[in-house]
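A.B. asks: Pasting the sequence and the predicted model now:
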Amino acid sequence: QVQLVESGGGLVQAGDSLRLSCAASGPTFSSYAMAWFRQAPGKERKFVGAMSGSGDSTMYVDSVKDRFTLSRDNAKNTVYLQMNKLKPEDTAVYYCAARTIGAAPRTGASSYDSWGQGTQVTVSS
């Protein structure tokens, strides 16, 4: 497992942008698939997007395609989630996750073995 620390959440208005960051420990960051999940109050944690270890493959849930963009800087052991055109329904705690057993991205939470503590994103209408 690795240690993950998210940052960048906050309170914004609809239409605004935020960039979340997730810093990871460990020397083999480029071998991990990384993902973002989110959990709204009273709801289950849901997949947002994931990226392969090399960064050449990404996948997103349909509701954020064309608005959210994943990127990673393997030299800094950091993955980013750029969120544009935010909507109130994007309000949730956002979690970063690492899949240390493989570099290929997956959509299921059970595929990830390390999780951050979460960062709150609140979008007001």
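C.D. replies: Yes, it's here.

A.B. asks: Find the residue ranges of this structure scoring beneath the pLDDT cut-off.
C.D. replies: Counting by pLDDT under 70, the chain shows no low-confidence range.

A.B. asks: Can you pull up the most central residue in it?
C.D. replies: For the chain, the residue nearest the mean C-alpha position is residue 36 (2.4 Å; C-alpha atoms, centre = their mean).

A.B. asks: Surely it and residue 95 touch.
C.D. replies: Yes. Using C-beta atoms under 8 Å, residue 36 is in contact with residue 95, at 6.9 Å. C-beta coordinates here come from the backbone N, C-alpha and C atoms, glycine included.

A.B. asks: Now do the shared contacts for those two.
C.D. replies: The overlap between the contact sets of residue 36 and residue 95 (C-beta atoms under 8 Å, 6 or more residues apart in numbering) is empty.

A.B. asks: Residue 27 versus the residue nearest to the centre of the chain, what's the distance?
C.D. replies: To residue 27, residue 36 is 23 Å away according to C-beta to C-beta, to the nearest Å.

A.B. asks: Then residue 4?
C.D. replies: From residue 4 over to residue 27 the distance is 15 Å, taken as C-beta to C-beta.

A.B. asks: more neighbours, these two?
C.D. replies: Taking neighbours as other C-beta atoms under 10 Å, residue 4 and residue 27 compare with residue 4 leading, 24 against 8.

A.B. asks: Contact partners for that one?
C.D. replies: So residue 4 contacts 22, 23, 24, 25, 96, 97, 98, 114, 115, 116, 117 (C-beta under 8 Å, 6+ apart).

A.B. asks: what's next to the helix or strand hosting the second one, contact-wise?
C.D. replies: Secondary structure here is read from DSSP states H and E; on that basis residue 23 sits in strand 18-24. Under the criterion C-beta under 8 Å, 6+ apart, residues 2-10, 12, 32, 34, 36, 76-83, 86, 94, 96, 98, 114, 116, 119, 121 lie in contact with strand 18-24.

A.B. asks: hmm, which of those are the buried ones?
C.D. replies: Neighbour-count burial (16 or more other C-beta atoms under 10 Å) is assigned, among these, to 2, 4, 6, 8-9, 12, 32, 34, 36, 77-81, 83, 86, 94, 96, 98, 114, 116, 119, 121.
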